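> Sequence and predicted structure are below.
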Amino acid sequence: MNIISQFEMIPTTCISDVMQGLNNLDSQIKPLKENDRVAGRAFTVKMPVGDNLVFLKALKEAPPGSVLVVDAKGDTYRAIAGDFLVGVAQMLGIKGIVAHGVIRDIEGIRKLNIPVFCLGTTVAASGKAGMGEINVPVSCGGVTVHPGDMIVGDADGVVVVPQMREQEILQKALEKLQMDLDRAKRVSSREEALRYLENVLNK
């Protein structure tokens, strides 16, 4: 099983815990469909407020399987894209979109089979003046994201795993997940729950 498939199986909460919560995107960035989750390598987009031509360039150049990470400066007035461009992303094999910004045409996007994580929705479209950069380090939701970093998102939010540390973090996250599962098995009655609380409080 490759590393992306392994990260797909781990809750963002486990990954966050082993990184001490330091690489979590802004908690307002959530999936448009609650059950959506994504894991993949970042293809970054630095987008000026209200100008999404660079987003189209990213769609053309991002390798299939990429997660587009869009630094839209947290703008909530103009959308980075609507259902047509998100549909194009899906057709081109983009695995997901994570944006520190908003989208529009939410009903249409929810019918597509591509996870979108963002700050919410708007009605206003972006212009196309042509500024912006792709495949450069960006700041998205308060976290620095480099091209190739591992992006993992689920109902709780989005975490960024630096590529240079991904093997170490994967191993620690798998161990944390197993600990959580073991604890849930042990604490399965009222008495065990009280005993667990006493042990934690008396440390």
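Good, I have the coordinates.
> Would you tell me which strand is longest in the chain?
Counting by DSSP state E, the longest strand found in the chain is strand 38-46.
> what's the weakest-modelled helix or strand in this structure?
Comparing helices and strands within the chain by mean pLDDT, DSSP states H and E singles out helix 190-201 as the least confident, with a mean of 70.
> where does the chain have low pLDDT?
Applying pLDDT under 70 to the chain picks out residues 187, 192-194, 197, 200.
> Surely Leu85 is within a helix?
Yes - going by DSSP: H, G, I helix; E, B strand; the rest coil, the assignment for Leu85 places it inside a helix.
> Let me see the contact set for it.
Under the criterion of C-beta atoms under 8 Å, 6 or more residues apart in numbering, the neighbours of Leu85 are Asn52, Phe55, Leu56, Leu59. All C-beta atoms are positioned from the backbone trio N, CA, C, and that covers glycine.
> Buried residues of the strand or helix carrying the second one, list them for me.
Right, Phe55. Counting by DSSP states H and E, the element that carries Phe55 is helix 53-61. Of the residues in helix 53-61, those with enough neighbours to count as buried (16 or more other C-beta atoms under 10 Å) are Leu53, Val54, Phe55, Lys57, Ala58, Leu59.
> Among these, pick out the one closest to Lys30, please.
When the buried residues of helix 53-61 are ranked by distance to Lys30 (C-beta to C-beta), Phe55 comes first, at 19.9 Å.
> Pull up the gap between that closest one and Gly120, please.
Distance of Phe55 to Gly120, given as C-beta to C-beta, to the nearest Å: 17 Å.
> now Val143
The separation that Val143 has from Gly120, given C-beta to C-beta, amounts to 19 Å.
> neighbour count winner among those two?
Neighbours per residue (other C-beta atoms under 10 Å) separate Val143 from Gly120, with Val143 holding more: 19 against 13.
> bridging residues for that one?
For Val143, the beta-bridge partners are Cys140 (DSSP bridges).
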